[in-house]
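Undergrad: Structure, please.
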Amino acid sequence: MFHLTDALSGLVADITQRVPALAHVRPERTLLFARRGRTGADGPNATCHCLTLPTSEPGYYFWADALTGTITRRSPWFVTKSPQVVMHGTPIDYMISVALPRFSDQVSRRKLDRYVDTGLPPWVVRLDTIVHELYHIAPDASGLRRLARADGSIDHRTHPPQFFDDVRDLVCSYLDTAPSADVLEVVRHDFATLQARHGSVVATTFRDGSYPQRYVDVLADQPVAPAVLVEPFKEAPGRALFTEADLVVRDFSRAPALVPVCAA
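TA: So this is what the prediction gives:
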């Protein structure tokens, strides 16, 4: 079998060793996991999830009269928090999720056009995706990267044009170091080819299809204002802690099947 997220973790470690601009990324504190995503369907091929964002300021949701604007009811006061993810005692700062098999089958003319003058093969779009997510990681691990404009001000857009140019340069810099074919196998082949070569394609994922996300934490001490009807939250509160016990290995090349991840 081919363990795709293990292979991607090896690729990430190799990239961070070979590309100085990404040397701040700590592979041991960056978790790669997979989610289901159909080939050809809308949605991201991969996503960078930041777990270092601070707790929000207290607040509440409210409903107001459409005519007067008067608040008629509200939620309890709450804050939002990032959950803790700890793998075998090591805190995780960032996670990168890949949608399978969509990540391995992606075809992007727009991405390929960025590499038209390099002579690189079409599989470079998959490598571009991984470098793209790594580039989101801020050098000080404080959150997601923000680029500076020409005047020195911060561009608060997630993907300004310079972001894509920088990713292209980083991809080319990495390939210029001549990484091994074994390390690149995970991005050189589409899903069907990986399956044909190895029999099955498995990946680490979170049990029950859920994954750590920011959650609402209701304040124990509730301010009294505004004094209107308080609607309690109907959804269960989010989880504050995830560990290796929440991970499973799924065979993405067949019907869903879960196998517990063995402790290291």
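Undergrad: contacts and neighbour counts: CA atoms only from here.
TA: OK.
Undergrad: Can you give me the neighbour number for Val125?
TA: By other C-alpha atoms under 10 Å, 27 other residues sit near Val125.
Undergrad: nearest spatial neighbour of it, skipping sequence neighbours?
TA: Spatial nearest neighbour of Val125, chain neighbours left out: Lys111 (6.2 Å); criterion: C-alpha to C-alpha, 6 or more residues apart in numbering.
Undergrad: Which pLDDT does the model give that neighbour?
TA: The score at Lys111 is 89. That number is its pLDDT.
Undergrad: Kindly report the same for the one 4 residues further on.
TA: Per-residue confidence (pLDDT) for Tyr115: 94.
Undergrad: so Arg214 sits right up against Gln84, yeah?
TA: No: between Arg214 and Gln84 there is no contact under C-alpha atoms under 8 Å: 9.8 Å.
Undergrad: what's the overlap in contacts for the two?
TA: Residues touching both Arg214 and Gln84 by C-alpha atoms under 8 Å, 6 or more residues apart in numbering: none at all.
Undergrad: what's the burial count for the closest residue to Thr177 other than its chain neighbours?
TA: Nearest non-adjacent residue to Thr177, counting by C-alpha to C-alpha, 6+ apart: Arg18, 7.0 Å away. Neighbour count of Arg18, defined by other C-alpha under 10 Å: 17.
Undergrad: next one: the one 3 residues further on
TA: Close neighbours of Ala21, defined as other C-alpha under 10 Å, add up to 14.
Undergrad: so it, which of the three states?
TA: Three-state assignment for Ala21 (DSSP: H, G, I helix; E, B strand; the rest coil): helix.
Undergrad: residues contacting the closest residue to it other than its chain neighbours?
TA: Using C-alpha to C-alpha, 6+ apart and skipping residues adjacent in sequence, the residue nearest Ala21 is Leu170, 7.8 Å away. The neighbourhood of Leu170, defined by C-alpha under 8 Å, 6+ apart, consists of 19, 21, 131.
Undergrad: mind checking which helix or strand Leu170 is in?
TA: helix 161-176 (DSSP states H and E).
Undergrad: Report the buried residues of that helix.
TA: Across helix 161-176, burial judged by 16 or more other C-alpha atoms under 10 Å covers 163-164, 167-168, 170-175.
Undergrad: Please apply the same query to stretch 76-96.
TA: 76-87, 91-96.
Undergrad: same deal with stretch 137-146?
TA: 137-138, 141, 143-146.
Undergrad: Pull up the distance across that stretch, start to finish.
TA: Terminal residues of stretch 137-146 are spaced 9 Å apart (C-alpha to C-alpha, to the nearest Å).
Undergrad: coming back round to it: quick one: the residue nearest to Thr177 and Val12, what's the gap?
TA: 10 Å.
Undergrad: What about the closest residue to Val86 other than its chain neighbours, how many residues nearby?
TA: Distances taken as C-alpha to C-alpha, 6+ apart place Thr243 nearest to Val86, at 5.0 Å, with adjacent residues excluded. The number of residues packed near Thr243 is 16, by other C-alpha under 10 Å.
Undergrad: Quick check: phi and psi on Thr243?
TA: The phi/psi pair for Thr243 (degrees, to the nearest 10) reads phi -130, psi -180.
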